[in-house]
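Visitor: This is a predicted model, with the sequence first.
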Amino acid sequence: SRPAHWRGGAKAHGPKNNTDYGNAKLNKKVRKQALQHALSQKLLEGNLIVLDQLHALSSHKTKDLADMLAPWDIAGRYGTTALILDHYYPDKSDSDDNKEATSYRGIPVNLWVASGNLFKIKVGNDHLASVYDILKYDKLVLTLSALQQLEQRLKDV
């Protein structure tokens, strides 16, 4: 309503808000407290699921993963969204004998491939655990090894 060439109009190339909130600096203690609070909130809501392991997934088929997640109503057509975190790095001695890769970015290969077609879930390593992702997804699925790594990460800071 007020073009720049009118009297009393806006500035032609005025200042813009260039604040990048994703890269705002936070202290380590504040980051640690936020992660602790997000994890405890998921636990209080009953949306924290801890599994023994996910690398025992029998095949790379999406149906197998969907059937495994069905009891918690995750990732079906009308299911909820979920963040699945795992920490799986096999021994180097085992991978030398077997040329087949069993891990990709700290995630079992079968889990990585099977989750590709499930658009309501995000699969990642325990390093991916951010407050935003934990709060964005309805459920949080952790393996015991990922939980131990998160505990270690929170203890060290």
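Guide: Done, it's in.
Visitor: For the top helix by length along the chain, the averaged confidence score.
Guide: Identified as the longest helix of the chain according to DSSP state H is helix 28-45. The average pLDDT within helix 28-45 is 93.
Visitor: how about that helix: buried residues?
Guide: Neighbour counts over helix 28-45 (16 or more other Cβ atoms under 10 Å) mark 32, 34-35, 38-39, 42 as buried. C-betas here are computed from N, CA, C, even on glycine.
Visitor: Isn't Ile107 up against His127?
Guide: No: contact status for Ile107 versus His127: not in contact, 10.9 Å apart, counting by Cβ atoms under 8 Å.
Visitor: quick one: which of these two has more around it?
Guide: Ile107 (25 against 14; other Cβ atoms under 10 Å).
Visitor: which residues does the closest residue to the more buried one other than its chain neighbours contact?
Guide: Leaving aside its chain neighbours, Ile107 sits nearest to Asp86 (5.3 Å; criterion: Cβ to Cβ, 6 or more residues apart in numbering). Contacts were defined as Cβ atoms under 8 Å, 6 or more residues apart in numbering; by that measure Asp86 touches 54-55, 106-108, 111, 123-126, 142-143, 145-146.
Visitor: ok, now how distant is Asp126 from Tyr89?
Guide: 11 Å (Cβ to Cβ, to the nearest Å).
Visitor: Find residues that contact each of these two.
Guide: Shared contacts of Asp126 and Tyr89, defined by Cβ under 8 Å, 6+ apart, are found at Gly106.
Visitor: show me where pLDDT drops low in this structure?
Guide: Within the chain, the stretches with pLDDT under 70 are 1, 55, 91-101, 157.
Visitor: mind redoing it with 90?
Guide: Within the chain, the segments meeting pLDDT under 90 span 1-26, 28, 51-71, 75-79, 86-120, 125-130, 145, 153-157.
Visitor: Show me the strands in it, by range?
Guide: 48-51, 82-86, 103-104, 107-108, 121-125, 139-143 (DSSP state E).
Visitor: quick one: which of the buried residues of helix 28-45 is nearest Thr19?
Guide: Within those, proximity to Thr19 (Cβ to Cβ) peaks at Ala34, which comes in at 19.1 Å.
Visitor: List the residues that contact the nearest residue to that closest one once chain neighbours are set aside.
Guide: Nearest residue to Ala34 in three dimensions, chain neighbours excluded: Val131, at 4.7 Å (Cβ to Cβ, 6+ apart). Contact analysis of Val131 by Cβ under 8 Å, 6+ apart lists 31, 34-35, 37-38.
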